[in-house]
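Novice: Sequence below, structure please.
(3 chains)
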Amino acid sequence: MSLLEIKDLGIVFGGLHAVEGFNLTLEKGELYGLIGPNGAGKTTVFNLLTGVYKPTSGEFYLDGVKMNGKKPVEISKAGIARTFQNIRLFGKLSVLDNVKIGLHNQMKYGTLTGLLRLPKYFSTERRMNEKAIELLSVFELDGDADTLASNLPYGKQRKLEIARAMATAPKLLLLDEPAAGMNPNETNELMQTIRLIRDKFDLTILLIEHDMSLVSGICENITVLNFGTELAKGPTAEVLRDPEVIKAYLGN
Amino acid sequence: MAKKINSPLEKKSAGLRPVTKKNLVTLGIVTVFYVLFQTLSSLGVLKNAYQSLLVPICYSVIMAVSLNLVVGVLGELSIGHAGFMCVGAYCGAFFSVVTKNSFEIGWLRFLIAMIIGAVAAAIAGFLIGIPVLRLKGDYLAIVTLAFGEIIKSVVNVLYIGRDDAGFHIAMDSAKVGLQEGGVMILNGPQGITGTPRNSNFTVGFILVMLTLIIVTNLMDSRTGRAVMSLRDNRIAAESIGVNVTKYKLTAFVISAAIAGVAGVLYAHNLNALTANTNNFGYNMSIMILVYVVLGGLGSIRGSVIAAALLYSLPEIFRGVGQYRMLLYAIVLIVMMIVNNGAFFVQYKEKLKHRIRGGRKEAA
Amino acid sequence: MKFLSQLISGISLGSIYALIALGYTMVYGIAKMLNFAHGDVIMVGAFVVYTACVKGGMNPVLGVLLAIVFCTVLGVCIERLAYKPLRQAASLAVLITAIGVSYLLQNLALLIFKSDTKQFSSVVMIKPVTVAGLTVSGEIIATIIVSVVIMVALTLFVNKTKPGKAMRAVSEDKGAAQLMGINVNGIISLTFAIGSALAAIAGALMCSTYPALSPYTGAMPGIKAFVAAVFGGIGSIPGAMVGGVLLGVIENLSKGYISSQLSDAIVFAVLILVLLIKPTGIMGKKMTEKV
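Specialist: Model (predicted):
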C-alpha cells in the first residue's frame, strides 16, 4: 500500500479553482518535490493535506486511512507534519520548549500531574528533554536550547521548524520552501540534513521549493503545478527539461 | 565540541531548571514581605489603616496572577475577570453564613467555603469559556465584559432565604415567601450580611503562595506549554496536534477557579457583601488588567509586584487627598508611554547598546 | 400604547448610543484602538453645557456649540498627547493608556465639580407633542431629529467628500494610504475630532433627557455604546447606527416589560447571542487568517 494517495483533490475559493484535480501517490521513503510559479496553489495543497482547508472535491489517504475532512489536530496525530512558508514558531518560548510542544502527543501526562509535580511529571519531562535535545542536535541547534525562538537567526528558525515537526513523529513530512532566504552554502547543508532525516527517521517527504538546485539535488520525482492544475509530473531531470514547464516559469 | 552538546542535556535532566529557580525567587520575595509585615503588625508598629490593606493586597495579587494566566499566558484579552471573583465570593459567603451556627470548626468551614468558591467559579468559567473562546480579539474582550456585568446584575436581583421548610429562591423580595422565623441570606442589592470574618493576612499569604505555585507549575508543564503555543501561534500549534479548545478552556477554567478563591478571601474580610461596579464590575476587572499589563504580560513576578504596589500606593497617598487618583491616572499614562512609546523604546535601545559597548571595552 | 411610547423613547435612547458608538467605531476603524476614554468625553461635554447654560445662563444653542468646540479640541489633544506616541505599540498598551485617560478625565471632573449629582436642565426648547393620545417629549423629538441629521451628514461626508474617502482609505490600509499621499496623522486627528464632537452632542442630549450629571455619568453609556459598536460590527459606520438604536430599544423594552434591574444584563445577553451567531457583529467584516 502507498503511504499517501491523493485522488482528484480540489478546492474552490469563491469561484476560483485554487487547486483542481490534484493526484499524487507517494511510496514510503520517497522524497518528492512540488514546484510551480507563485500562486500556482502549492501551499494550498499543503493546507488541504493538513486540514487547514477542507477540500471541496476529491479525497486523500494516509496508509489507506481516509484523511480529508479531518481536523488539523487529528491529521497531526495520524502522522502528517509540516513547516510553514512564513515561519511560524512559538516566538516567546525557548528553542527547547518549541520542540517539547512538538512532543505534545508523543509523551503525555495530565494537567493535574503537572500541577502537583507527581513522579510521572519528572520522568516524562526528563525523557522529553532528552528526546528534544536529540532532535535539536540533528539540526545542530542543541547549543541554542535556551535561546528564545524569535531571537534565532533566520536560517536556524527554518531548521527549528523542521525539528519541531519531526518531534510529532510523522510518517509524512511536508516542507514549505525550507531553503527560502538561505545562501548556497546553507542550502547545501540543508540538503544533507533533509536526506539524513529521511533515512534516519524512515520518513516520506513532500517539499515545495523554488530553489532548483535543491529540488534537482534531492527530489527523485516532482510535480509541477500551474494555475492550480498539474502541468507535468515525473523524474526531476526530465520534468525540468519539459518545454511546457520552462514556458510556465519564464513566460512566453 | 562534545562538551557543548552535553552541557544543555545535563542541565535539563538535573530537574532544577532556570525557570524553577526564577519562581523560587518570586516565592522568596513574597515570604520576606509576609514575615516583615506580619512582624511589624504584631509589634504594633504598623498603623491600623495600613494593616487593613494587607488582605486586600493579597486578593489583588491573586486576581492579577490569575488574570495573567488568561491575558499573558493564553494571550486572550479578558475584561470581565471580576465576575468570577463575584461568583466565588457569593458562593463561599453563602455557605459560611448558612453553616455558621452548625459548623464548629471555623478553619475547616472556611476551607470548604474556599473549595466551594473555587469550584463554583470554575463551573462559571467553563460555561462562559465555551462560547467566549470561539471569538477572537476585541470581540472576545467585549463578551467577557458582558458576562462580568451579567453576573453582577444577576446577584443583585437574587433573593435567597431559609426557613423550616428549606431554601426559597426568588427574583423579587416579595416573592420569597418565608415562614415566620425564616432568615434572608442573600438579600438582593443588600447582598449577604454576617459573613464570619475568617480572612487574615496569614490566610491571604498562604493563598498567594498556592496561587503562585499552581500557576508557575502549570506554565512549566505540558499543559502550560500547549497553552503558550496557542498564544504564540495558533495555526502552528494545531498543526502539531495541540487541541485548541481544550487548552484554551483549561487555562480559562483554572484562572476562573483562582479568581473564585480570591473572591472567598474578599467576602470573608467584610461583614457585608454587595456587588457593585467598583468591586465586581468592569472597574475592578479593568484595574486588575492594569496590574497585569504594567507588571508585564506573562510575567508572574511582575503581576505580584505591580498588584501589591499599585493597590497600596493610592491608599498610602491618601494624604494627598483628592489629588491621588489624578496622580495615579497621570502616572499610568506616563508609564505606558515611557514603556511602549516609539521614541522612548528607541532611546532605551540606544542606551542599552551604549552600556553594553562600554562594558565590552572595559573587558 | 405603552409599547409605542416605550419604543419611541427606546429609539431616542438608542440614537444617543448610536452617536457615541459612531465615535468608538470610527476611531477603531482608523486607529485600530478601543478608546475607553470616549465615554468620559460625553461627561465633559455635558459639564461644559451645564457650566455655560445652567450656571452661566448662556443660550442653550451657544452652550452646546461651546461644548462641541471644547470636546473637539479635547479629543484632538488626547490623541496627540497620549495615543500618538503609541502608534506602533501593542494594542494592549494603548488600551491601558486609554483607561488612564478615562481615569484622568473622571478625576479632573471630580476635583472641579465634586462628586455630588448635578441637576441638569434641558437644552431642548421644543414643546411636547401629543398625537392620538400619545405624548412625546421635546427631548425625544430633538434627539431623534438631531441624530438622523448627523447620521445622514456623516454618511455623505464619508462617502462623498475627499477627507471622508481618505478616512476610508486609512482604515483599509494605513501604509498604502500614506504612500498615496494621504496625511495619515491628519486623518486620525480628524477622526478623533469628529468622534469627540458627536460625543459632546450626545452628552447634551442625554443629560437633557435624563437630567442627572456626575463625573461618572459617561462611564456606563460609554460601555453601552461600545457594546452597540461591537453589536453592529466594530469599524462599520452603519453598523454603529443600527447597533446603537437596537440596543436602546432592547434596553427600554426590557425595562418596561421584564425588569428594570435586569435590563443591562439583558442587553449584554443579546450582545453575546448576536456575537455567537455572527462573530464579527451584524455588519462587521469577516476576518480571515492567511496561512
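Novice: Does anything pack onto the top helix by length along chain B? Which helices or strands?
Specialist: Longest helix of chain B, by residue count under DSSP state H: helix B:106-132. Packed against helix B:106-132, as judged by 3 or more C-beta pairs under 8 Å, 6 or more residues apart in numbering or on different chains; DSSP states H and E, are the following elements: helix B:82-99, helix B:137-156, helix B:244-267. Quick note: C-beta positions are derived from backbone N, CA and C, even for glycine.
Novice: Which among the ones you listed is found nearest to chain C?
Specialist: Taking C-beta to the nearest C-beta as the measure, these were each checked against chain C, and helix B:137-156 came out nearest at 3.7 Å.
Novice: The closest one near chain C at all?
Specialist: Yes - using C-beta under 8 Å from any C-beta of the partner chain, helix B:137-156 reaches chain C at B:138-139, B:141-143, B:145-147, B:149-150, B:153-154, B:156.
Novice: Mind putting these into CSV with pLDDT?
Specialist: Rendered in CSV, the data for the residues of helix B:137-156 next to chain C read as follows (pLDDT from 0 to 100):
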residue, pLDDT
B:D138, 82
B:Y139, 85
B:A141, 88
B:I142, 88
B:V143, 91
B:L145, 92
B:A146, 93
B:F147, 94
B:E149, 92
B:I150, 95
B:S153, 93
B:V154, 93
B:N156, 93
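Novice: Report the buried members of those.
Specialist: For the residues of helix B:137-156 next to chain C, a burial check counting by 16 or more other C-beta atoms under 10 Å in any protein chain shown picks out B:138-139, B:141-143, B:145-147, B:149-150, B:153-154, B:156.
Novice: is it possible to export those residues to TSV including distance to C:A228?
Specialist: Output for those, formatted as TSV (distance: C-beta to C-beta, whole Å):
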residue	distance to C:A228
B:D138	14
B:Y139	14
B:A141	15
B:I142	11
B:V143	14
B:L145	13
B:A146	12
B:F147	17
B:E149	14
B:I150	17
B:S153	18
B:V154	22
B:N156	23
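Novice: Wait, B:Y323 touches C:L110, no?
Specialist: No - judged on C-beta atoms under 8 Å, B:Y323 makes no contact with C:L110 at a distance of 10.3 Å.
Novice: higher neighbour count, the two?
Specialist: C:L110 (16 against 13; other C-beta atoms under 10 Å in any protein chain shown).
Novice: from what I can see C:I78 touches C:H38, true?
Specialist: No - taking contact to mean C-beta under 8 Å, the distance of 9.6 Å between C:I78 and C:H38 leaves them out of contact.
Novice: what helices or strands is the one helix or strand C:L271 maps to leaning on?
Specialist: Per DSSP states H and E: C:L271 is located in helix C:263-277. Packed against helix C:263-277 by the contact rule (3+ C-beta pairs under 8 Å, 6+ apart) you find helix B:137-156, helix C:219-232, helix C:237-257.
Novice: Which residues does it contact?
Specialist: Helix C:263-277 is touched from outside by B:131, B:134-135, B:139, B:142-143, B:146-147, B:149-150, B:153-154, C:224, C:227, C:230-231, C:247, C:250-252, C:254-255, C:258, C:281-282, with contacts defined as C-beta atoms under 8 Å, 6 or more residues apart in numbering or on different chains.
Novice: Work out for me the element A:L207 sits within.
Specialist: Secondary structure here is read from DSSP H and E; on that basis A:L207 sits in strand A:204-208.
Novice: I'd like to know which elements the helix or strand following that strand is packed against.
Specialist: Sequence-wise, the next helix or strand beyond strand A:204-208 is helix A:212-218, with elements assigned using DSSP H and E. Contacts defined by 3+ C-beta pairs under 8 Å, 6+ apart place helix A:212-218 against strand A:31-35, helix A:184-200, helix A:236-241.
Novice: Return the most buried member of these.
Specialist: For these, the stretch with the most neighbours on average is strand A:31-35, a mean of 23; neighbours defined as mean count of other C-beta atoms under 10 Å in any protein chain shown.
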